[in-house]
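J.: below are the sequence and a predicted model for it; my questions follow.
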Amino acid sequence: MQKHSFRRATSADVSTVREITRAAYAKWVPVIGREPKPMTANYEQAVADHIIDLCEEAGRPVALIELIPKPSHLLIENVAVLPERHGSGIGGLLLGRAEEIARSLGRNELRLYTNAKFSTNISFYARRGFEEFLREPHPAGGEVVHMRKSVGPGIHTQQKSR
């Protein structure tokens, strides 16, 4: 099994973030007939404004998770894994990382959204404890599925309450 490490993306990583995301989402273009939102995002701005952690194998970035702290939850904006690393458990590691960060920020809920046509993504998240709570139309057509997961308090929040 590969050893994985995480590090926060910096402005020097913008092209890496963009490349990983574009590679990860390319398979969905024919499914929905357009580039999904993460493929068109402004990553210069996202790296500055959001939490983006890169997952590395032997010092090489192979995946990332982009998170946006909200008052009541931590929003998972983007989960991207290089196609050649799909099925190797990295997605689960990324979601675990999101849970750790949520706890460290005092948030007890993770939320995310995905296209209703991305059925493999929906089942991936459901197997990891996420539940659908809303479907809404997407302006470009189709539906957006919103999902959430409660995360129990971790060490950080327990220490704060003492």
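T.: Thanks, I have it. Predicted, not measured: the structure shown is a model, and the values here were computed from it.

J.: span of stretch 66-73 from start to end?
T.: Taking Cα to Cα, to the nearest Å, the span from the opening residue of stretch 66-73 to its closing residue is 14 Å.

J.: residues in contact with it?
T.: Outside stretch 66-73, the residues within contact range by Cβ atoms under 8 Å, 6 or more residues apart in numbering are 17, 38, 46, 49-53, 74-79, 98, 101-102, 105, 107-111, 148. In short, each C-beta sits where N, CA and C put it, glycine included.

J.: buried members of those into PyMOL, please.
T.: The following PyMOL line selects those of the contacts of stretch 66-73 that are buried, judged by 16 or more other Cβ atoms under 10 Å:
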select buried, resi 17+38+46+50+51+52+53+74+75+76+77+78+79+98+101+102+107+108+110+111+148
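
J.: please list the members of the contacts of stretch 66-73 that lie in strands.
T.: When DSSP state E defines the strands, the subset of those inside them is 51-53, 74-79, 109-111, 148.

J.: and those residues as CSV, adding pLDDT and distance to residue 142?
T.: CSV is the format used below for these (pLDDT from 0 to 100; distance: Cβ to Cβ, whole Å):
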residue, pLDDT, distance to residue 142
51, 98, 28
52, 98, 26
53, 98, 29
74, 98, 25
75, 98, 20
76, 98, 20
77, 97, 18
78, 97, 18
79, 97, 19
109, 97, 25
110, 98, 23
111, 98, 19
148, 98, 20
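
J.: identify, from these, the entry nearest to residue 86.
T.: Minimum distance to residue 86 across the ones in strands among the contacts of stretch 66-73 is 11.5 Å, recorded for residue 79 (Cβ to Cβ).

J.: how are the helices of this structure distributed by residue range?
T.: Here the chain has its helices, by DSSP state H, at 14-25, 29-32, 37-40, 43-49, 90-104, 119-127, 155-161.

J.: quick one: average pLDDT of the third one?
T.: Spelled out, that is helix 37-40. Averaging pLDDT along helix 37-40 gives 94.

J.: the last one too?
T.: For helix 155-161, mean pLDDT rounds to 38.

J.: out of the helices and strands in this protein, which is least certain?
T.: None of the helices or strands of the chain scores lower by mean pLDDT, DSSP states H and E than helix 155-161, at a mean of 38.

J.: run through the chain and note the low-pLDDT ranges.
T.: The model of the chain has pLDDT under 70 over residues 1-2, 153-162.

J.: which residue, neighbours along the chain excluded, lies closest to residue 5?
T.: Distance criterion Cβ to Cβ, 6 or more residues apart in numbering; nearest residue to residue 5, sequence neighbours excluded, is residue 56 at 5.2 Å.
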